[in-house]
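1. got a sequence here, can you build the structure:
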Amino acid sequence: MRSLALLILRLTVGSLIAGHGAQKLFGSFQGPGIEQASGMMESLGYRPGRPWAMAASWSELGGGILTALGLLNPLGPLCAMCVMVTATFKAHAGKPVWVTHGGAELPLTNMAAASAITLAGPGNISMDRLLGIKLPWWFNVLAFGTAAAVTYAGIESSNRAQQAQPQSPPSRIAAPSGGEAHLQTEAVRPEQPHVVTEGS
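-> Sure, this is the predicted structure:
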């Protein structure tokens with residue numbers, strides 16, 4: 001029963017994660033495609049966006065397929081977890097946890113499932129069992145350390161890129177008849193005599 005339970009978990013989580021990767025890479029299942037995925041990564045501070053989008057999408061697609069097949073465990077769940085950690089700390093940061101509020105409910109659930117598969121193994125109904133594959137413990141440790149380091153470096157790099165991005169300060173326009181001034185974010189032409197920029 002344990003192996004059957006792991007099979008159900010692997011097939012469900014792995015196929016859904018792989019589907020997310022296919023959406024981003026190929027636009028499958030009414031997905032955004034790689035161009036929109038690249039723009040999304042740019043907006044999160046991952047620049048240039050296309051290489052990061054390719055890496056994230058292939059991690060989802062490849063990791064999902066490996067997880068569903070129970071092949072080369074724990075590489076599949078680790079690839080999936082890298083993307084889920086990134087989504088949690090970048091796309092859903094600062095929001096309530098529930099998905100109805102844009103929170104990290106879904107990636108957290110995926111991470112929990114991927115962690116369970118990593119720790120329990122793929123079970124007897126898996127390609128690893130069929131082919132007699134068992135990765136050595138040192139390789140698993142190396143894979144985990146590499147995945148954690150790359151994910152952390154990516155998040156830190158995107159945070160620095162967002163902090164370094166110049167932002168245009170709003171300009172305060174004096175009301176012509178003594179009324180309350182209002183803000184505008186557009187560039188102000190120098191010939192306008194009533195402009196007072198904030199901070200000046």
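2. so where is this protein shaky, pLDDT-wise?
-> Applying pLDDT under 70 to the chain picks out residues 166-200.
3. flag every buried residue along the longest helix along it.
-> Ordering each helix of the chain by length in residues (DSSP state H) puts helix 137-164 first. Buried positions in helix 137-164, judged by neighbour count with 16 or more other CB atoms under 10 Å: 140, 143, 147, 151, 154, 155, 158. Bear in mind the C-beta positions are built from the backbone N, C-alpha and C, glycine included.
4. and what of stretch 28-48?
-> So, applying 16+ other CB under 10 Å, buried residues of stretch 28-48: 31, 34, 37, 38, 40, 41, 42, 44, 45, 46, 47.
5. and the end-to-end length of that stretch?
-> Distance across stretch 28-48, first residue to last, is 23 Å (CA to CA, to the nearest Å).
6. mind checking how far that stretch is from the chain centre?
-> 10 Å (CA atoms, centre = their mean, to the nearest Å).
7. against residue 58, how distant is the residue nearest the centre of the chain?
-> In the chain, the centroid-proximal residue (CA atoms, centre = their mean) is residue 87; its distance is 3.2 Å. Distance of residue 87 to residue 58, computed by CB to CB, to the nearest Å: 15 Å.
8. got it, and residue 134?
-> Residue 134 is 25 Å from residue 58, by CB to CB.
9. what about these two, which has more around it?
-> Per other CB atoms under 10 Å, whichever of residue 134 and residue 58 has more neighbours is residue 58, with 15 against 11.
10. name the element that one belongs to?
-> Assessed by DSSP states H and E, residue 58 sits inside helix 49-69.
11. contact partners of that helix?
-> Contact partners of helix 49-69, identified using CB atoms under 8 Å, 6 or more residues apart in numbering, comprise 10-11, 13-22, 24-25, 34, 37-42, 46, 72-73, 75-80, 82-83, 86, 114, 117, 126-127, 154.
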